[in-house]
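Visitor: Turn this into a model:
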Amino acid sequence: MSERARTQVSRRGFLAGTAAAAAATAVPAIGQAVAATPAAAAGTASAGRPNILLIVTDDQPKHTDWAIQKTIGWIAGQGVKFTHGHVTTPLCAPSRSSVFSGRYAHNHGVRNNASAAALDQNTTVQRYLKQAGYRTGLFGKYLNSWKLADAPPHFEEFALLQPAYVDANWNVDGTVQTINGYTTNIIKNRTLAFLDKAATDDRPWFAYVTPYASHGPRTPEPKYAGTAVPEWNGRPSVTEDDRSDKPPYIQNATGTLADGRRIRAEQLRTLLSVDDAVQAFKDKLAALGQLENTLVIYIGDNGFGWADHGWTAKSVPYAPAHEVPFYVSWPAGGLSAGTVDDRIVANIDIAPTILDAAGISPDTPQDGSSLLTPYSRDHLLVEWWKQGTGADHNTWSSYVAKDEQYVEYYALHTDASGTVSGTGQVKFREYYDLAADPYQLTNKLYQATPAQERDLGIPALAAQLAADRTR
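Guide: Numbers count the residues shown, from 1 in each chain. So this is what the prediction gives:
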């Protein structure tokens, strides 16, 4: 069965993939999927279809649970926590375009933060939902390099943020203006106003909510500026003494444990305000009587290094950059038991999941699969492109499984439109046994012999990676 075909498997099988499947209730079918066409739109908008609340934070890695306890208590505690949540490109605009389209960056074309215009807006989840009769709203950050004065397509209402934390510029339903105040709170209040309209507008709704937290400069809300955070003494990847088996840009990285502690503390403080906003959304939905039939998804657009291997950013193939918090709740759809799901899941699965729940069959291809089915992958492609010809690290792609990871770096780069140039020659490779070495300290390909590479299964991994990059 093809991956596309697996997406159509009955939703009844979803909870079979969770750790608590034996005690959980199977997800009920919600009706047959319908084509997202104008003719079908009027007939498909109905009270039975779920509302969709999609929350995407900025640069939020795993291991930030301390700051979002209310969020976890609601969405994970009364839904599903995915323990192997990833993004397929650890960079803002490519990742968000994958959220919207369900496609890898090499397919949607937004390969760097400058190339937002490459996204085909007809492939987006907001297009399908709007066309099928959903009321749509965007509140917060959209895509890097998107002009603030331009309306985000397929959103009926929007408060588009020019990224900042305080007294920022916005485009509110077509009017560019400065709004004073802390932007996470402004996003919260705009979203609450959008939700309130459900009291008089019986259309199902889609709210895309995307605060700037926890992106740099990581400015906290004043009331959280001095908040003490739990002590952190790093992890083995932060205090790694010998990086000679890593690519040159990592060998030259200068991040320290002190840097990691500072970044972590700053991120946690900004996320406290996000947690307050999520609690407000829950309270509003409860007051509106819409808590049960709202599909809520929470994910970070990419992770971030806390000086792991000396790196204090994203854009690298190491776990802190592409592993993210990922929670889903939908009580009316059977996702209310507080289960843990250990499947490998990713941002490319969000659009297929939303469309599956709404009963919409996309007319454009998707690389991800609905999380409302039992589909399970054994590995994931993670990829990143170098923009320009500077001396920073090369374009790379990676085969990521639960127990192993294989990485190739290439002589490739992109221009501002996302167009790729270069020879494609493999410049460096890494292989990590994640079961024995979860912090990726030992690159087993460093000075490995051909026989050792064969023993590691590298030829097969390289072939699979090549196939994934062109699929």
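Visitor: so residue 262 is in which element?
Guide: helix 257-288 (DSSP states H and E).
Visitor: The helix or strand just after that helix: partners in the sheet, and parallel or antiparallel?
Guide: Under the assignment DSSP H and E, the closest C-terminal helix or strand after helix 257-288 is strand 294-300. Strand pairing for strand 294-300, determined by DSSP bridges: strand 51-57 (parallel), strand 326-329 (antiparallel).
Visitor: which residues touch the first one?
Guide: To tie it back to what came earlier, the one meant is strand 51-57. Applying CB atoms under 8 Å, 6 or more residues apart in numbering, the contact partners of strand 51-57 are 96, 99, 129, 134, 198, 204-211, 213-214, 271, 274, 278, 281, 285, 290, 293-301, 350, 354, 357-358. Just so you know, the C-beta spots here come from the backbone N, C-alpha and C atoms, and that holds for glycine as well.
Visitor: Put the alpha carbons of it into CSV.
Guide: Only the C-alpha atoms of strand 51-57 are listed here, as CSV (Å, rounded to 0.1, in the frame of the first residue of the first chain):
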residue,chain,number,x,y,z
ASN,A,51,-13.3,23.2,14.7
ILE,A,52,-9.5,23.4,14.2
LEU,A,53,-7.1,25.2,16.6
LEU,A,54,-3.5,24.9,15.3
ILE,A,55,-0.9,26.5,17.6
VAL,A,56,2.7,26.7,16.2
THR,A,57,5.4,28.2,18.5
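Visitor: Adjacent strands (with direction) for the longest strand seen in the chain?
Guide: With secondary structure taken from DSSP state E, the chain has its longest strand at strand 420-433. Strand 420-433 pairs in its sheet with strand 404-414 (antiparallel), by DSSP bridges.
Visitor: For the partner strand, what is the distance to the chain centroid?
Guide: Here the centre of strand 404-414 is set off from its chain's centre by 21 Å, with CA atoms, centre = their mean, to the nearest Å.
Visitor: Which residues does that strand contact?
Guide: Outside of strand 404-414, the residues within contact range by CB under 8 Å, 6+ apart are 111-112, 115, 247, 317, 385-389, 393-399, 420-435, 440, 458, 461-462, 465.
Visitor: relative to strand 51-57, how tilted is the helix holding residue 262?
Guide: Here the directions of helix 257-288 and strand 51-57 differ by 160 degrees (axes from the mean of the first three to the mean of the last three CA atoms, to 10 degrees).
Visitor: So which bits of helix 257-288 are buried?
Guide: Using 16 or more other CB atoms under 10 Å as the test for burial, helix 257-288 gives 259-261, 263-282, 284-285.
Visitor: Flag the shaky bits of the chain, pLDDT-wise.
Guide: Where the chain drops to pLDDT under 70, the residues are 1-47.
Visitor: The same query, at a cut-off of 90, please.
Guide: Low-confidence segments of the chain, defined by pLDDT under 90, are located at 1-48, 336, 390-392.
Visitor: what does the very next helix or strand once past the longest strand of the chain rub up against?
Guide: Using DSSP H and E, the next helix or strand after strand 420-433 towards the C-terminus is helix 450-456. For helix 450-456, contacts defined as CB under 8 Å, 6+ apart pick out 431, 444, 445, 448, 459.
Visitor: and which of these is nearest residue 343?
Guide: residue 431 (23.1 Å; CB to CB).
Visitor: burial measure for that closest one, as a count.
Guide: Counted with other CB atoms under 10 Å, residues neighbouring residue 431 total 22.
Visitor: didn't it look like it was pressed against residue 445?
Guide: Yes - applying CB atoms under 8 Å, one finds residue 431 in contact with residue 445, separated by 4.6 Å.
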